[in-house]
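Asks: quick check, what structure comes out for this input:
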Amino acid sequence: MTLADDVLAFASRLTVTSGRKAGVPMIVLPHIEAAIRGSLAPGKRTCCISWPRKQSKSTGYAAVLILAGLIGPLAVPRGQLATASASREQASLIYDEVAAFILAEPELYGLVNLSSSRKTITSLTNGSTFKALSADATTAHGLGLDLFIMDEAAQQRNSELWDVLFTSQSARANPRAIAIGTRSQDPKHFFSEMIEYGQRVNAGEIEDGSFFCHVLAAPDDADWQDEKVWRAVNPCLDAGVQDIDSLRELATQAKRIPSKENVFRALHLNQAVDADGRFISSEDWKACSGPVDIQDGETCYGGLDLGSTQDLTSLALYFPRTGSVLSWCWLPAEPSLFEREKLDRAPYPVWRQQGFIETFPGRSTDRLAVAVKLAEICARYDVQGIAFDRWGMPVLEKLMADNGIKAPLVPHGQGYKDFSPTVDAFETEVIEHRLRHGGNPVLTWAVGNVKLSTDPAGNRKFDKAKASQRIDPAVALAMAIGLAARQPVTGPSKYNASGFFEL
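Replies: From the prediction side, this is the model:
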């Protein structure tokens with residue numbers, strides 16, 4: 001028997017601990033078997049595994065190899081094993097799965113010492129250790145790893161952590177370095193380059209017996225709406241591990257929302273597409289260009305994107321009753337709007353003449369003027385909250401306190417956790433044509449510039465670094481809508497109605 005045969009036999013004795021097959025003996029699916037056999041073939045040193053989401057990259061392939069290296073056929077005396085991820089949450093996934101395998105088998109539990117707080121497992125029989133590492137490369141120095149697996153490699157900012165871990169293996173007899181994940185949408189990312197290199201090795205264009213690559217991805221010209229295409233690259237569907245109804249729901253949304261089509265193709269078909277494509281279709285945005293309908297004292301929610309010294313500052317109000325929007329934008333007067341027009345390719349002088357942009361005197365953002373505007377809108381409307389990006393706000397908040405200006409400011413994070421629900425709320429208002437922006441040209445320009453970034457879980461956020469031009473007015477409006485969406489729904493409950501109802 002080969003080493004791979006031993007590992008596969010070891011895996012077949014494990015019990016599935018979660019999902020649709022929880023509680024039954026593990027059956028190693030063909031794509032996982034192929035990846036394990038390739039990774040453990042004689043002479044293999046570096047492995048690249050790229051599959052769509054939910055194909056058991058982490059919980060099947062990676063967890064089995066780690067457990068086999070800790071107390072199974074891959075174990076060596078005092079071996080060192082690690083997984084590396086871009087976040088603490090991601091780092092926990094493989095650790096939790098390995099720990100769950102152990103806890104489900106009393107025979108295995110007696111062989112190790114688990115430390116959930118430190119995310120480490122130590123073998124009591126051979127002295128080997130496994131540790132789940134997050135993105136900080138400094139924590140990886142000093143290791144000498146026999147096996148490491150970088151989970152969701154495309155989410156790493158650069159190859160620094162990979163390089164540190166890879167070079168840590170130089171003193172090991174049979175080291176293996178493995179990168180797994182859906183592909184990066186940046187062709188220059190190191191994981192993209194690994195996939196391209198591996199595919200050239202597979203095609204015989206490059207001779208490298210130490211490199212193994214296994215990719216599941218739909219062809220670029222495949223019909224992304226064809227369920228046969230889905231099944232071809234998502235083998236967990238036919239195995240009953242993955243629910244096709246969830247993919248159907250996502251595909252239905254993707255047909256309507258341009259940004260979600262590319263997310264679907266990137267995450268679930270593993271295609272090299274621009275997952276950060278246009279946020280809102282021009283047709284849907286144009287359908288929302290009806291006149292605003294606002295009354296003094298009306299309830300509204302705000303969003304404030306405070307510019308740095310010479311950047312665009314944007315304030316937006318969203319009125320849920322009609323979906324109406326008000327927007328204010330400011331730029332420092334120097335350099336002149338004519339100079340900025342050339343730099344940003346935006347008709348700032350025209351917009352100022354039309355009243356869509358105002359200028360601060362001088363060369364920097366006038367935070368006191370912003371504070372005064374906040375006071376004005378709070379006096380005129382029933383402002384329930386003004387969401388803001390924390391950057392630069394302490395100075396504004398002090399100015400407001402010094403001048404006796406009060407406004408219901410609410411912090412709004414710009415990361416995936418906080419911004420993804422905001423993106424969803426903004427999209428819903430637009431595609432349902434509930435928004436009324438009055439044809440505001442600055443908002444139209446900013447929304448057209450928006451690019452989205454997507455994490456492995458499908459969460460999305462606006463990405464200023466990827467935007468073609470400025471998006472500050474769109475950010476302010478998105479935060480206003482997102483803040484409104486957070487509020488509890490009020491209204492009569494069927495549980496408070498008189499009489500009885502049937503369940």
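Asks: packing partners of the host helix or strand of Asp424?
Replies: If you go by DSSP states H and E, Asp424 is part of helix 416-431. With contacts taken as 3 or more Cβ pairs under 8 Å, 6 or more residues apart in numbering; DSSP states H and E, helix 416-431 sits against helix 282-287, strand 460-462, helix 472-486. To be clear about C-beta, it is placed using only N, CA and C from the backbone, and glycine gets the same treatment.
Asks: what sits up against the next helix or strand after it?
Replies: The C-terminal neighbour of helix 416-431 among helices and strands, as given by DSSP H and E, is helix 441-449. Applying Cβ atoms under 8 Å, 6 or more residues apart in numbering, the external contacts of helix 441-449 come out as 278-280, 282, 285, 314, 316, 325, 327, 329, 346, 351, 354, 356-357, 437, 467-475, 477.
Asks: I'd like the next helix or strand past helix 441-449.
Replies: Assigned by DSSP H and E, the successor of helix 441-449 is strand 452-454.
Asks: what residues does that following strand touch?
Replies: By Cβ under 8 Å, 6+ apart, the list of residues contacting strand 452-454 reads 259, 263, 266-267, 275-277, 279, 416, 423, 460-463, 466.
Asks: give me the distance from it to the chain's centre.
Replies: How far strand 452-454 lies from its chain's middle: 6 Å, per Cα atoms, centre = their mean, to the nearest Å.
Asks: partner strands of it and their direction?
Replies: strand 460-462 (antiparallel) (DSSP bridges).
Asks: for the partner strand, what is the average pLDDT?
Replies: Averaging pLDDT along strand 460-462 yields 90.
Asks: other residues contacting it?
Replies: With Cβ under 8 Å, 6+ apart as the criterion, strand 460-462 contacts 259, 263, 279, 414-416, 419-420, 423-424, 450-454, 471, 474-475, 478.
Asks: swap in stretch 191-206?
Replies: 46, 48, 50, 153-154, 156, 179, 181, 183-184, 186, 207-208, 211-213, 215, 272.
Asks: my guess is Ala287 meets Glu432, correct?
Replies: No - with contact defined as Cβ atoms under 8 Å, Ala287 does not count as touching Glu432 (9.8 Å).
Asks: low-confidence bits of the stretch 401-503 of the chain, can you list those?
Replies: Residue ranges of the stretch 401-503 of the chain with pLDDT under 70: 468, 489-503.
Asks: so which elements touch the lowest-mean-pLDDT helix or strand in the chain?
Replies: Among the helices and strands of the chain, helix 337-344 carries the lowest confidence by mean pLDDT, DSSP states H and E, at a mean of 78. In this structure, helix 337-344 packs against helix 348-354, with contacts taken as 3+ Cβ pairs under 8 Å, 6+ apart.
Asks: list the buried ones in the helix it packs on?
Replies: Under the neighbour-count criterion of 16 or more other Cβ atoms under 10 Å, helix 348-354 has 348, 351-352 buried.
Asks: just the CA trace of that helix, in PDB.
Replies: Extracted C-alpha coordinates of helix 348-354, given in PDB (Å, rounded to 0.1, in the frame of the first residue of the first chain):
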ATOM      1  CA  TYR A 348     -16.800  69.600 -10.700                       C
ATOM      2  CA  PRO A 349     -17.200  73.200 -11.900                       C
ATOM      3  CA  VAL A 350     -20.500  72.400 -13.600                       C
ATOM      4  CA  TRP A 351     -21.700  70.500 -10.500                       C
ATOM      5  CA  ARG A 352     -20.800  73.400  -8.300                       C
ATOM      6  CA  GLN A 353     -22.700  75.800 -10.600                       C
ATOM      7  CA  GLN A 354     -25.700  73.500 -10.500                       C
END
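Asks: average pLDDT across that helix?
Replies: Averaged over helix 348-354, pLDDT sits at 90.
Asks: which strands and helices sit next to it?
Replies: Judged by 3+ Cβ pairs under 8 Å, 6+ apart, the packing partners of helix 348-354 are helix 337-344, helix 441-449.
Asks: in TSV: these, plus distance to Ile94 and mean neighbour count.
Replies: Below are the helices and strands packed on helix 348-354 laid out as TSV (distance: least, Cβ to Cβ, whole Å; neighbours: other Cβ atoms under 10 Å):
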stretch	distance to Ile94	mean neighbour count
helix 337-344	44	14
helix 441-449	38	21
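Asks: next, format those as JSON lines and append distance to Tyr95.
Replies: Listed next are the helices and strands packed on helix 348-354 as JSON lines, based on distance: least, Cβ to Cβ, whole Å:
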{"stretch": "helix 337-344", "distance to Tyr95": "46"}
{"stretch": "helix 441-449", "distance to Tyr95": "40"}
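Asks: which residues of the stretch 1-150 of the chain score low on pLDDT?
Replies: For the stretch 1-150 of the chain (pLDDT under 70), the answer is 136-142.
Asks: doesn't Phe264 make contact with Ala251?
Replies: Yes - using Cβ under 8 Å, Ala251 is in contact with Phe264, at 6.1 Å.
Asks: so those two - more neighbours on which side?
Replies: Phe264 (24 against 20; other Cβ atoms under 10 Å).
Asks: make sure the more buried one is indeed in a helix.
Replies: Yes - assessed with DSSP: H, G, I helix; E, B strand; the rest coil, Phe264 lies in a helix.
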